[in-house]
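[1] Need a 3D model of the following:
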Amino acid sequence: MTMRDFNKAAAWKFIILVGVVSLFSDMTYEGARSISGPFLGELQASALVVGVVAGLGEFLGYALRLASGYLTDRLGRYWLITFAGYALNLLAIPLLALAGSWEIAAMLLVLERIGKAIRTPARDAMLSHATASVGRGWGFGFHEAMDQLGATTGPLIVAAVLYFQGGYRQGFAVLLLPAVLALVVIAVAARLYPHPRHLEVSAPTLETTGFTRPYWLYVVAVGLLAAGFADFPLIAYHFGKTAVLPSDWIPLFYAVAMGVDAVAALVLGRLFDRLGMPVIVVTAALSAFFAPLVFLGGFKLVLLGMVLWGIGMGSLESIIKAALAEMVPRDRRATGFGLFNAGFGLFWLLGSALMGFLYDFSLGALVTFSVTAQLLAIPFFLAVSRYVCLQPR
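    Numbers count the residues shown, from 1 in each chain. Reported below is the predicted structural model:
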């Protein structure tokens, strides 16, 4: 075995281990997300509250990544920061079973997002080092597929609890097990790979000392996608309020979207490594039209809308990150991911709050905003492609 093959094998083992962590963690918090909207509604929260809680959680979950990423690069303590973030991220979920009001539930949901903010830049930076030798798109796509395998399983577990006459609280309680398993695997991975930066043996395509014009154009482009991408709690709230789906079918439709996300991440990752930015452009144009199907359609159109929503989510969590890794200096990788995610979260908060507001007045206006914001991202992606070649090395 050559040194190149040895490095590639080590990188794949690392990616798989981190993928297992994501599998269990997504099983936990995506299982919770599949019912958090209706649960808040059961606790007498309004659509505006649901939208603001989702948006605020996502904003903090992204904005705080700037500080987390900076500290990760400064301290170099990848695993300590990762473990601390995952612990908060995951253990907040079972506590929802004890929430007696929507205010307490909202606080726990926000804490869960804060935990994700703490651990994500460090984890993504470690993954960016490992994926350098196996292909950015393929590596991030594989990780996202593992991630979404858990995101599919979690809602199915919750759906089973609801089917057998359990309530939302019981659904949150059973998610303690995958949360604990995720923390155990993190400890194992940290012991086996204490220095993940050593997995990247070649320099990235674009090596600079700061963040370039393409980087900032890319932040704006993905921010527009985030602004128009309705979070699932608002979608689930709509399903529950309109009874377009039986209540125990809501997590099943979310599971379908997560399954589509997993397959899309693998396919899009492979295509991205071969074709580059055009894959992101086409995916953005396609997934932008989930909103009219989800918010205005009947049962069958809603299902199709969730498929498109899953494709869009798969892109956001795989090839969007793969492209970003090529635009950030190696020594500032965690900071670059953190800054990017802070901008993403700000756009997400503003978009979620606005869509929550529009929901109570006009579904047509909500849909128009969602589609328009996402389509406006495409010119910015095209501008980035003129500055940076994102073809595989």
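[2] so where's this protein uncertain?
    Across the chain, residues meeting the criterion (pLDDT under 70) sit at 1-6, 200-210, 387-393.
[3] Centre-most residue in it?
    residue 317 (5.1 Å; CA atoms, centre = their mean).
[4] Which secondary structure state is assigned to residue 328?
    Under DSSP: H, G, I helix; E, B strand; the rest coil, residue 328 falls in the coil class.
[5] my read: it touches residue 214, true?
    No - Residue 328 is not in contact with residue 214 according to CB atoms under 8 Å; the separation is 10.6 Å. In this view, the C-beta of every residue, glycine as well, is placed from N, C-alpha and C.
[6] Between these two, which is the more surrounded one?
    residue 328 (25 against 19; other CB atoms under 10 Å).
[7] dump the residue contacts of the more buried one.
    Contacts for residue 328 (CB atoms under 8 Å, 6 or more residues apart in numbering) come out as 128, 204, 211, 215, 336, 337.
[8] can you tell me the helix or strand for the residue nearest to the third one when sequence neighbours are not counted?
    What it means is residue 211. Excluding its sequence neighbours, the residue lying closest to residue 211 (CB to CB, 6 or more residues apart in numbering) is residue 336, at 6.5 Å. Per DSSP states H and E: residue 336 is located in helix 333-359.
[9] Against which helices or strands is that helix packed?
    Secondary-structure packing of helix 333-359 (3 or more CB pairs under 8 Å, 6 or more residues apart in numbering; DSSP states H and E): helix 47-63, helix 65-75, helix 102-131, helix 213-228, helix 232-242, helix 319-325, helix 363-387.
[10] can you redo those helices as JSON lines with distance to residue 350?
    Shown next, in JSON lines, are the helices and strands packed on helix 333-359 (distance: least, CB to CB, whole Å):
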{"stretch": "helix 47-63", "distance to residue 350": "7"}
{"stretch": "helix 65-75", "distance to residue 350": "17"}
{"stretch": "helix 102-131", "distance to residue 350": "16"}
{"stretch": "helix 213-228", "distance to residue 350": "6"}
{"stretch": "helix 232-242", "distance to residue 350": "14"}
{"stretch": "helix 319-325", "distance to residue 350": "19"}
{"stretch": "helix 363-387", "distance to residue 350": "10"}
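[11] for the helix or strand containing residue 141, packing partners?
    Assigning secondary structure by DSSP H and E places residue 141 in helix 136-163. With contacts defined as 3+ CB pairs under 8 Å, 6+ apart, the packing partners of helix 136-163 are helix 3-42, helix 102-131, helix 168-173, helix 250-275, helix 319-325.
[12] so which of these comes closest to residue 48?
    helix 3-42 (11.2 Å; CB to CB).
[13] Could I get the buried residue list for that closest one?
    For helix 3-42, the neighbour count (16 or more other CB atoms under 10 Å) marks 7-8, 10-12, 14-15, 17-42 as buried.
[14] Same check on stretch 350-363?
    Buried residues in stretch 350-363, defined by neighbour count with 16+ other CB under 10 Å: 350, 351, 352, 353, 354, 355, 356, 358, 359, 363.
[15] Contacts for it, please.
    Here stretch 350-363 makes contact (CB under 8 Å, 6+ apart) with 46-52, 54-55, 58, 226-231, 234, 237-238, 295-296, 365-366, 369-370, 373.
[16] of the residues you listed, buried ones?
    47, 49-52, 54-55, 58, 226-231, 234, 237-238, 295, 366, 369-370, 373.
[17] ok so, going back, mind giving me TSV with the contacts of residue 328 and columns for distance to residue 185 and neighbour count?
    Putting those into TSV (distance: CB to CB, whole Å; neighbours: other CB atoms under 10 Å) gives the following:
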residue	distance to residue 185	neighbour count
128	20	28
204	28	19
211	33	18
215	32	22
336	26	26
337	22	28
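[18] Export the residues you listed to a markdown table and append columns for distance to residue 172.
    Putting the contacts of residue 328 into a markdown table (distance: CB to CB, whole Å) gives the following:
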| residue | distance to residue 172 |
| --- | --- |
| 128 | 33 |
| 204 | 41 |
| 211 | 40 |
| 215 | 39 |
| 336 | 35 |
| 337 | 30 |
